[in-house]
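# What would the 3D arrangement of this be:
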Amino acid sequence: MKSLPFLNPAAGSPAVRNPGRPAVIVPTQAIDADELAAECAAAAATGIVDAVEWRIDPLLVVASGSAQGGVHRSAHSLAEAALRLLPSALTAELPILLTVRTCFEGGQVEITEDDYAEVVRELIAGVAGNVDSGVPVAIDVEIDRAESGSLIASAQEAGVPVVASHHNFESTDSAERLLKTFAAMSEAGAHVAKVAMMPQAPADVLRLLEATAAADASLAVPVLGISMGSLGRTSRIMGADFGSCATFAQIGQASAPGQIEASVLAEILDRVGPRCG
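Okay, the predicted model is just below:
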């Protein structure tokens, strides 16, 4: 297992203190500054969280003025709505993973290829302008989007870490496709390669874990393999043994099926995981 590359040493979180422990990432779907600051502060106060994923697609739906999730405002103005709130998330000192999870990958905002690319480009530019905060901010890029390669290249040029992601909410990809997806993310220049699959049988979980382990062994970048739902809980608990650099947990509202309460997951990781020294 390689470490999550955008941890914040100043936060002194568990994965910073013990590089053998996978990072615990918790989601927030806050849509205003007070809610965002409070949820990030609550995550930091637990002492068990290493990073926060801020899912901004609910905010984009609100900012667009569309109850159906479609975008009725310019991509620039939507990205600006998120960037105005970003400082509220940084006060807790936990790294932030900015994610626009579209309907294409199980999210809430319906967005065209062009608008998705423009929103992410604006976010990259805005994040690059916030480096003085000292708190790492990474960007999620959906690898199946038409302009994912150019978006990852733009982030590289701006010095913004990228988590490339691929989701399948219906089933689990073949082992061959999983390995090709991991490799494509690495070749595109992503800093973390992430896949999340929906298992229909225990064998699907095994296939995901085997592919994650193979990708971790063959690629230079950290990988993250998740099997969703209750059937996939092994991947969230023991994923690091198969190369996953992080695991997603919940404090309050979950952002994906099968997420475990952060306090419960942290206790398990502390009991079964490797310790420094």
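
# Could I get the full set of strands for the stretch 151-277 of the chain?
Under the criterion DSSP state E, counting those that start in this stretch, the stretch 151-277 of the chain contains strands at 162-168, 192-197, 223-227, 246-250, 260-261.

# Format the ones you listed as TSV; extra columns: distance to residue 114, mean neighbour count and mean pLDDT.
C-beta here means a position set from N, CA and C on the backbone, and glycine is covered the same way. Shown next, in TSV, are the strands of the stretch 151-277 of the chain (distance: least, CB to CB, whole Å; neighbours: other CB atoms under 10 Å; pLDDT from 0 to 100):
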stretch	distance to residue 114	mean neighbour count	mean pLDDT
strand 162-168	19	24	97
strand 192-197	24	26	98
strand 223-227	28	27	97
strand 246-250	29	24	94
strand 260-261	37	16	86
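
# Ok, which of the ones you listed comes nearest residue 37?
Across the strands of the stretch 151-277 of the chain, residue 37 has its closest neighbour in strand 246-250 (18.8 Å, CB to CB).

# State the pLDDT value of residue 106.
According to the prediction, residue 106 has pLDDT 79.

# what about it, distance to residue 235?
17 Å (CB to CB, to the nearest Å).

# Who has more neighbours out of those two?
residue 235 (25 against 17; other CB atoms under 10 Å).

# check contacts around that one.
205, 208, 209, 212, 225, 226, 227, 242, 244 (CB atoms under 8 Å, 6 or more residues apart in numbering).

# ok, which pair from those is furthest apart?
Taking CB to CB, no two of the contacts of residue 235 sit farther apart than 205 and 244, at 12.7 Å.

# ok, those two, which is more surrounded?
Neighbour totals were compared for residue 205 and residue 244, and residue 244 leads with 28 against 22 (other CB under 10 Å).

# I figured that one hits residue 232, correct?
No. Assessed by CB atoms under 8 Å, residue 244 is found out of contact with residue 232, at 12.0 Å.

# shared neighbours of the two, which are they?
Joint contacts of residue 244 and residue 232 (CB under 8 Å, 6+ apart) are residue 226.

# Run through this structure and note the low-pLDDT ranges.
65-73, 131-132, 252-257, 273-277 (pLDDT under 70).

# Can you show me the helices along it?
With DSSP state H as the criterion, the chain has helices at 14-17, 33-46, 57-64, 75-90, 113-128, 148-158, 175-188, 202-218, 233-238, 262-272.

# Select, out of those, the one closest to residue 101.
So among the helices of the chain, helix 57-64 is nearest, using CB to CB, at 5.0 Å.

# Which strands or helices does that closest one pack on?
With contacts taken as 3 or more CB pairs under 8 Å, 6 or more residues apart in numbering; DSSP states H and E, helix 57-64 sits against helix 75-90.

# Pull out the buried positions in the helix it packs on.
75, 78, 79, 80, 81, 82, 83, 85, 86, 88, 89, 90 (16 or more other CB atoms under 10 Å).

# Likewise for stretch 43-50?
43, 44, 48, 49, 50.

# Contacts made by that stretch with the rest, please.
By CB under 8 Å, 6+ apart, stretch 43-50 touches 4, 7, 11, 13-16, 23-26, 28, 52, 92-95, 246, 249, 251, 262-263, 266.

# Could you export it as PDB, CA atoms only?
Output of stretch 43-50 as PDB, limited to C-alpha atoms (Å, rounded to 0.1, in the frame of the first residue of the first chain):
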ATOM      1  CA  ALA A  43     -14.600  15.500  11.200                       C
ATOM      2  CA  ALA A  44     -11.300  16.900  12.500                       C
ATOM      3  CA  ALA A  45     -12.400  16.900  16.100                       C
ATOM      4  CA  THR A  46     -12.900  13.100  16.000                       C
ATOM      5  CA  GLY A  47      -9.100  12.600  15.600                       C
ATOM      6  CA  ILE A  48      -9.800   9.600  13.300                       C
ATOM      7  CA  VAL A  49     -10.300  11.300  10.000                       C
ATOM      8  CA  ASP A  50      -7.500  12.000   7.500                       C
END
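
# can you list the strands of the stretch 151-277 of the chain in JSON lines and add distance to residue 99?
Formatted as JSON lines, the strands of the stretch 151-277 of the chain follow (distance: least, CB to CB, whole Å):
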{"stretch": "strand 162-168", "distance to residue 99": "8"}
{"stretch": "strand 192-197", "distance to residue 99": "10"}
{"stretch": "strand 223-227", "distance to residue 99": "13"}
{"stretch": "strand 246-250", "distance to residue 99": "11"}
{"stretch": "strand 260-261", "distance to residue 99": "19"}
